[in-house]
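> A structural model of the following input is requested.
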Amino acid sequence: MDKNKSIEALQFFTTGLSNGAFVHKVQGQILKSAGFAKLGEKYVNHYDEEMGWVTKFIDRILDLGGEVKVEDRPSVALVADPVEYVKCDLKRQEDGLEVLRKCLATIDDDPTTYDILKDYLKDEEEDLYWSETAVDLINKLGEQNWLLTQL
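As a prediction, the model looks like this:
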């Protein structure tokens, strides 16, 4: 088992996910402020869930004897329009799942880290399905009707 490979993967996801989680928190607050309480709360709660994964990643890095880093993160443009944000988030999820699947193939010699990231993949797939369903409903119901369900 190559511990450094596992630590690098976990650090990558720690940095990326903590940034993404914070974006969800801020976007959720923006959506709630705009009157979309249900949608806003979904993203605010998603922050807590994602930070739980970050904690698991950090714990595993430490278990492997690694050093956790707080790395710089790129700025992320916030999206005021709720429909556009859901679509933008769906695209990020699709891209992120592809990266996660590729990463899993590189750490299969570390069963503990593999299992943690595999469980994270399952969780992210559920989030993807929610976003896909939301976009599908937006297309079927129309933006205004869907937005009414998010008040």
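
> use CA for all of it now, contacts and neighbours both
Fine.

> low pLDDT regions in the protein?
Scanning the chain for pLDDT under 70 picks out nothing.

> where does K38 fall, secondary structure wise?
helix 37-63 (DSSP states H and E).

> okay, buried residues for that helix please.
37-44, 46-47, 50-51, 53-54, 56-58, 60-61 (16 or more other Cα atoms under 10 Å).

> one more: stretch 127-145?
Applying 16+ other Cα under 10 Å to stretch 127-145 flags D127, L128, S131, E132, A134, V135, I138 as buried.

> how much space separates the closest residue to G16 other than its chain neighbours from S131?
Excluding its sequence neighbours, the residue lying closest to G16 (Cα to Cα, 6 or more residues apart in numbering) is R73, at 7.8 Å. For R73, the distance to S131 (Cα to Cα, to the nearest Å) stands at 24 Å.

> ok, T113 next?
27 Å.

> check the gap between N45 and F12 for me.
Distance, N45 to F12, by Cα to Cα: 23 Å.

> the strands in the protein, which residues?
Read by DSSP state E, the chain holds no strands at all.

> excluding chain neighbours, what is closest to E50?
A21 (5.8 Å).

> actually V54, sorry about that
T14 is the one closest to V54 (Cα to Cα, 6+ apart), at 5.3 Å.

> ok, that neighbour - how many residues close by?
Close neighbours of T14, defined as other Cα atoms under 10 Å, add up to 25.

> in contact with it, which residues?
V54, F57, I58 (Cα atoms under 8 Å, 6 or more residues apart in numbering).

> hang on, isn't the first one packed against S18?
Yes: counting by Cα atoms under 8 Å, V54 touches S18, with 6.5 Å between them.

> in CSV: the buried residues of stretch 127-145, plus distance to V99.
CSV is the format used below for the buried residues of stretch 127-145 (distance: Cα to Cα, whole Å):
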residue, distance to V99
D127, 16
L128, 14
S131, 18
E132, 19
A134, 23
V135, 22
I138, 27
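
> which one of these sits closest to Q93?
Within the buried residues of stretch 127-145, the smallest distance to Q93 is 6.1 Å, found for L128 (Cα to Cα).
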